[in-house]
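[1] Please work out how this folds:
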Amino acid sequence: MARLGSLPLLIWLMIIGAAAMYLPAAHALVRGHMPVSRSFFYAGTLFLILSAMIGIATAHRRRSDLARAHLAAVVAAYLIMPLMFAIPFRWAVPDTTFLNAWFEMLSCFTTTGATVYEGAERLPDTLHLWRAFVGWMGGFFVLLSALAIMAPMNLGGTEVISGRPLGSYSSAGWTESVDPDERIAHHALRIFPVYAGFTLLLWALLLIAGEPGLFALSYAMGTLSTSGIYPGVDFERQEGLHLAEIFVFIFLTVAITRRMLPGLVLADRSIRLHRHPEVQFAALLMLTAPTILILRHWLGNVEYLGGVFQFVQALWGSLFTTLSFLTTTGYVSGGWDVARGWSGLDSSGLILMGLAVVGGGVGTAAGGVTLLRVYALFRHSQREMQRIIHPSSVGGGGPMARRIRNEGAYFAWIFLMLFGLTAAVAMLALALTGMPFESALILTMSALTTAGPLASVAGEMPIPWAPQTGTAKAILGIVMILGRVETLAVLALVSPATWRR
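    Here you go, the predicted model:
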């Protein structure tokens, strides 16, 4: 067991990924789809053998700096695992290309949720299950890496409240100072029961709400992982208010702050949940965006005939969709079209793009800039305005508030500049492939914020992923990886200043 525990993190990920292929193999076998079942069974067996051989070959090799090795393994996972997942997918869908299969699996594993296979009938149910399961595993990997790898290295957003330099370790708490392998195992055993339990609970609630089994499971996995993956008709195409939307809305709050998911508390145990900066800022955004959409009906003299029921639909549709894109999940409420008609804004998708850029909580599966970083910049700007009026004033709020306004805002500004620079470079690269500016902007933001469904609602017309060129898909795939890993973590990995830590 000690030798198994010493295997590199990437080998463990390959073993788990290969073993996961037996689930769709069994599902296809029960449904009578033998070619699909054989594709996943053969691929799973092949990769288990390959992982075992690589594990034996690397059993006695141990890096002196395990922290950097694990950070490198996180980056390598997004390069290798989608290729591995794409092989059985390509075998099961003979009329597709490996590039499309790789793009689909990369989108799922990074919890982006962008798909090149439109329509439920394009793929069999087993492959829809595989897409949702890969996204679910990707969501768990994000949570685990954020808590066990990023947070101890003061990356992933924790630098905003820690007050420590990037890449530095904390001596507080045994889970930050013990061997990184033990820390990963400890957090994995602590997070997985809660993560899987919440998924099963939401699945059961969606079944009670009347959703079919595969749909309910996909929505449950897509909600907890913030991948936004669904197998067929989404909420947007279902008329009226649905109980399933209410259940999904409740569980989307898990991605606002890590405090909502037991086992993910990092360094802010002393703050009550309702006073947490992420919760307060998310509540502010949740009140602002729907209010603007609703009030514009009267302030803008919109010619839209609607009664009380349409008002309730518009209010609920804006609330649900706001939270969904704030957490970069991307589910669209059935009342969103009513909300757009009520407000009279054809470009209301720009609001959703802004919410996706803000993103969800630090240490959660959500992407984007994250609420805590934007909150730090907001508080710093507010303090600077106060100093202009009262130059001799002293800012209060306690040590954490001062850290957020000073060092936290500094790190948040660095990340925001890197985020904008990455978006600009990606848009320029897409423009060189012949893509129009609007499409390049929307697809780049969809990939960088890991909110793939944003491409369908941000513009006046939906922008499909499938017709894009192979070069464009490769560029967007790289952007997905940078959006998921975060450019700041990649720079910390390659920076010589962190090599001797």
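
[2] okay, which residue is most central for the chain?
    A366 (3.7 Å; Cα atoms, centre = their mean).

[3] Identify all contacting residues around stretch 206-219.
    Here stretch 206-219 makes contact (Cβ atoms under 8 Å, 6 or more residues apart in numbering) with 125, 128-129, 131-132, 202-203, 220, 229-232, 242-244, 247-248, 331. Bear in mind the C-beta positions are built from the backbone N, C-alpha and C, glycine included.

[4] Buried only: go through these for me.
    125, 128-129, 131-132, 202-203, 220, 229-231, 242, 244, 247-248, 331 (16 or more other Cβ atoms under 10 Å).

[5] Among these, which lie within strands?
    Among those, DSSP state E puts none in strands.

[6] Could you pick out the one among those residues with the lowest pLDDT?
    Taken together, these show their lowest pLDDT at H242, with 74.

[7] CA-only coordinates of the helix or strand where A426 lies in PDB, if you can.
    Secondary structure assignment for A426, by DSSP states H and E: helix 409-432. Listed next in PDB are the C-alpha coordinates belonging to helix 409-432 (Å, rounded to 0.1, in the frame of the first residue of the first chain):
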ATOM      1  CA  ALA A 409      -6.100  43.900  -4.400                       C
ATOM      2  CA  TYR A 410      -2.500  43.900  -5.800                       C
ATOM      3  CA  PHE A 411      -2.600  40.200  -6.600                       C
ATOM      4  CA  ALA A 412      -6.100  40.500  -7.900                       C
ATOM      5  CA  TRP A 413      -5.000  43.200 -10.300                       C
ATOM      6  CA  ILE A 414      -2.100  41.100 -11.500                       C
ATOM      7  CA  PHE A 415      -4.500  38.200 -12.200                       C
ATOM      8  CA  LEU A 416      -7.000  40.500 -14.000                       C
ATOM      9  CA  MET A 417      -4.300  41.900 -16.300                       C
ATOM     10  CA  LEU A 418      -3.100  38.300 -17.100                       C
ATOM     11  CA  PHE A 419      -6.800  37.400 -17.700                       C
ATOM     12  CA  GLY A 420      -7.200  40.300 -20.100                       C
ATOM     13  CA  LEU A 421      -3.900  39.700 -21.800                       C
ATOM     14  CA  THR A 422      -4.800  36.000 -22.400                       C
ATOM     15  CA  ALA A 423      -8.200  37.000 -23.800                       C
ATOM     16  CA  ALA A 424      -6.500  39.600 -26.100                       C
ATOM     17  CA  VAL A 425      -3.900  37.100 -27.400                       C
ATOM     18  CA  ALA A 426      -6.600  34.400 -28.000                       C
ATOM     19  CA  MET A 427      -8.900  36.800 -29.900                       C
ATOM     20  CA  LEU A 428      -5.900  37.900 -32.000                       C
ATOM     21  CA  ALA A 429      -5.100  34.300 -32.800                       C
ATOM     22  CA  LEU A 430      -8.700  33.500 -33.700                       C
ATOM     23  CA  ALA A 431      -8.900  36.600 -35.900                       C
ATOM     24  CA  LEU A 432      -5.900  35.300 -37.800                       C
END
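
[8] chain center to that helix: distance?
    18 Å (Cα atoms, centre = their mean, to the nearest Å).

[9] and what of stretch 16-36?
    For stretch 16-36, the distance to the chain centre is 26 Å (Cα atoms, centre = their mean).

[10] Just the endpoints, please. Distance across it?
    Using Cα to Cα, to the nearest Å, the end-to-end distance of stretch 16-36 comes out at 20 Å.

[11] Tell me which residues are up against it.
    Under Cβ under 8 Å, 6+ apart, the answer for stretch 16-36 is 37-41, 43-48, 50-51, 81, 84-85, 88, 92, 124-127, 129-130, 133-134, 137.

[12] Quick check: ChimeraX command selecting the buried ones in the residues you listed.
    The buried subset of these, as determined by 16+ other Cβ under 10 Å, is captured in ChimeraX by this line:
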select :37,38,39,40,41,43,44,47,48,51,81,84,85,88,92,124,125,126,127,129,130,133,134,137
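
[13] Tell me which entries of the contacts of stretch 16-36 lie within helices.
    37-41, 43-48, 50-51, 81, 84-85, 88, 92, 125-127, 129-130, 133-134, 137 (DSSP state H).

[14] Which elements pack onto the next helix or strand after the helix holding A426?
    Where DSSP H and E defines the elements, the next helix or strand beyond helix 409-432 is helix 437-448. In terms of contacts (3 or more Cβ pairs under 8 Å, 6 or more residues apart in numbering; DSSP states H and E), helix 437-448 is packed against helix 349-358, helix 409-432, helix 454-457, helix 470-485.

[15] now do 10 Å
    helix 98-109, helix 349-358, helix 409-432, helix 454-457, helix 470-485 (3 or more Cβ pairs under 10 Å, 6 or more residues apart in numbering; DSSP states H and E).

[16] Alright, that wraps it up for me.
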